[in-house]
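Asks: Only the shape, not the letters, is given here:
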C-alpha cells in the first residue's frame, strides 16, 4: 500500500475500547466501510466509493503508522500519544475514551507523602510520562515497564507503586490499591501525519469541521 | 577483549551506502553542487566537531540533548554538528567578518543527532543547503526559495509542494490582541508541537471577543493559494502582521518571475521553530514520504548572538529523504554506467593496458582484468560485473 496514492485517505483505528466509538463517529460523517470491525481478519478495509481506507492496528502502534505517513490520520488516546512522543498533528479532542493517569499504591503500605516514594520502584505502561511527572517533583525513581495488568505490581512485590490509567477506579478498589497522585486527563484524539495534513489539507480539514459539528451538537443534546 | 558481535556491526543510527546507493547519493550531490555554483553560491566546509558552546549558542540550546558529545584533551566539551547553519554563522562572524555582503554560501555535509532515527533520517544524515547572509530583502528570501525548488527539480522530483509561512504574521496577530507573554508562549509552543487541541483550548480560555477568538482559531488552518493572503489581510489589524503579509506577497510575486509560484501554497500556521526564525519560513512535502524533504527560512537574530548583527536566510534539504522520495515515486537513480571489460591472453598485458588507457581517455568506463583469462572466462567476468561489451586481446 502506498499513501502516495493521493486519492485515498488512510485512517488508522486502534483495536479495543476506542475502536467501536471511533468507527461510529466516522460513520456519522459518512465515512465507513463494509466489514469494518476490529475482529476482522482483513487488515485493510477499503471503501472505494468514498476513497477511504481503514487500517486496524494495535493501540500503541497507531501514532507510529501516522508519524511515518503509512496512515494519513488516526484515532488514539492522549495517554498513548504522549507516551509515544511522536511528532504528529493533534487535530481534535474527540471527547470519548475519557480516563486519567495517576499514581496508585497498595493501601496497607501507604506512605504519608508523595516524596516518601523517591527512589522506589514504579510499575507502568507509561515510563516516559511517569518520568516527566516524577522529575517535576524532583523524584528519582526506578521504572519497571509492564505491558498489562499493571495493578499486579505492588501486590506481588514487584514495585511499590504504579502509574496507570483509570476510568472508574473499580480495578483499583478490587485490588486494594489507592490513588495518591493525579497526573493528567486523557481522551481520544484525532491525529494526522505532518505531510498528509498539508498535502490533503482540504479533505482532512473538512473532515475535522464535520466531526467538530457532530461533537458539538452531541455535547448540547 | 574483542566483542565478536560488534566487530561486524555498526552503531545505532548509522548506515553504509553500498555502491548503487552511494552512486545515487553522489549523483544528487554533484547536481546540487553544480546548481549552487551556477547561482553564485560558494561552498564552505567546516569541521565535523565544534565546541559544544558554539553549537548551543542559539536555538541549539533546545537541541542540546540531541547532540553527540565528547571531550578534548583539555576537558572542553565538544559536539558533532547537528546542522550547518550554526557553524556557517560562526565562520561568517569570525573569518568572513570583513567579506563584502551579501555572502552566498553553500554546503553538502553530514550532520549528527542522537534522536531516534526516522524515515530517511538516521542519527548521521546528509544535508545540502545554502545560507544568504547580509540581506533583509524579500528578493533574498525569494532567491533562497527559488533555489530550494530548483534543487528538488534538479534532483529529479516532479511532484512536491512548498508551504510558506511568516512567523511575524503569527506574532503580529497575537500582539494585536495584547496577549500576555505567557499566553503567547503557550500558543506558540502548541503550534510548534502541532498540537491544535491545546491551541484551541488555550484560545477558548482567553478573555476576548468572539471575533478575536475566531481569528486566532483560524490561524493554524489559514492555508491555500493566493486567496489565502487576502483572507489573512482581513484578520491582520496591526502593522506587524500586515508587514509580514506584504513580505509574503512580495516573495510570491518574485517567485512568479522565476516561474516557480505553482509549487507554493501559503500556510500561515507554519512556524517551524519560533526561537530561531524571524521572517518567512517554509517546508517542502511530497506524497508518499511522511516527513518534510526540505525546510528553511529567515533568521535575522542568530548572527548577532555571534557578535555580528546581520540578517540571513537559507534552506537545507535532506539528501536521503530526497533519495527515498525518488525511489517511492519510481524515479530511480540511473545505474552507474559500465562500458567495457578488457580481457586478454597471457603476454597481452601491455596491449591491454594501452587499450584501457585509450578507452578511459575517451570517457568510457573500462575495467581491466588483473590476470590473463580465456575468452570464455573473460565473457563470464564481463557478465558478472555488468559491463556492456567485452574487448578480448589475444
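Replies: Yep, that arrived. In this text, all values refer to a predicted model and were calculated from it rather than measured experimentally. Numbering: from 1, shown residues only, chains lettered A, B, ... in the order given.

Asks: C-alpha only now, for contacts and for neighbours.
Replies: OK.

Asks: Any stretches of the chain with poor pLDDT?
Replies: This is for chain A. For chain A, the stretches with pLDDT under 70 are A:1-4.

Asks: wrong chain, I was asking about chain B
Replies: Low-confidence segments of chain B, defined by pLDDT under 70, span residues B:1-2, B:58-61, B:333-334.

Asks: how about the residues of it near chain A?
Replies: Chain B comes close to chain A at residues B:119, B:161, B:163, B:193-197, B:221, B:285-292, B:329, as judged by CA under 8 Å from any CA of the partner chain.

Asks: Among those, name the buried ones.
Replies: Neighbour counting over the residues of chain B next to chain A (16 or more other CA atoms under 10 Å in any protein chain shown) leaves B:161, B:163, B:193-197, B:221, B:285-292, B:329 as the buried ones.

Asks: The longest helix anywhere in chain A - contacts with which helices or strands?
Replies: Assignment by DSSP state H gives helix A:201-220 as the longest helix of chain A. Packing contacts for helix A:201-220, counted by 3 or more CA pairs under 8 Å, 6 or more residues apart in numbering or on different chains; DSSP states H and E, involve helix A:17-28, strand A:89-93.

Asks: Now that helix: buried residues?
Replies: Buried-residue list, helix A:201-220, by 16+ other CA under 10 Å: A:204, A:207, A:210-211, A:215.

Asks: Stretch B:108-121 too?
Replies: Those would be B:108-115, B:120-121, for stretch B:108-121 by 16+ other CA under 10 Å.

Asks: ok, so of those, who is nearest residue B:18?
Replies: Nearest to residue B:18, judged by CA to CA, of those is residue B:120 at 15.8 Å.

Asks: Tell me the secondary structure at residue 164.
Replies: Answering for chain A, as no chain was given. On the three-state scheme (DSSP: H, G, I helix; E, B strand; the rest coil), residue A:164 is labelled strand.

Asks: could you do chain B instead?
Replies: Three-state call for residue B:164 (three-state DSSP): strand.

Asks: From what I see, it and residue B:263 are in contact.
Replies: No - if you go by CA atoms under 8 Å, residue B:164 and residue B:263 don't touch, sitting 10.3 Å apart.

Asks: Tell me which of those two has more neighbours.
Replies: Neighbour count, other CA atoms under 10 Å in any protein chain shown: between residue B:164 and residue B:263, residue B:164 has more, with 27 against 16.

Asks: Please name the residues that touch the more buried one.
Replies: B:264-268, B:270, B:280-283 (CA atoms under 8 Å, 6 or more residues apart in numbering or on different chains).

Asks: Export those as TSV, with columns for neighbour count and secondary structure.
Replies: TSV is the format used below for the contacts of residue B:164 (neighbours: other CA atoms under 10 Å in any protein chain shown; DSSP: H, G, I helix; E, B strand; the rest coil):
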residue	neighbour count	secondary structure
B:264	23	strand
B:265	20	strand
B:266	22	strand
B:267	25	strand
B:268	27	coil
B:270	25	coil
B:280	28	strand
B:281	28	strand
B:282	25	strand
B:283	26	strand
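
Asks: What are the boundaries of the helices in chain A?
Replies: Using DSSP H, helices in chain A cover A:17-28, A:62-68, A:78-84, A:127-136, A:152-155, A:170-174, A:194-199, A:201-220.

Asks: Check the stretch 251-394 of chain B too.
Replies: Using DSSP state H, counting those that start in this stretch, the helices of the stretch 251-394 of chain B run over B:302-305, B:319-328, B:349-361, B:375-385.

Asks: in the third one, what's buried?
Replies: The one in question is helix B:349-361. Of the residues in helix B:349-361, B:349, B:352, B:355-356, B:359 count as buried by neighbour count, 16+ other CA under 10 Å.

Asks: Check the first one too.
Replies: Judged by neighbour count (16+ other CA under 10 Å), helix B:302-305 contains these buried residues: B:302-303.
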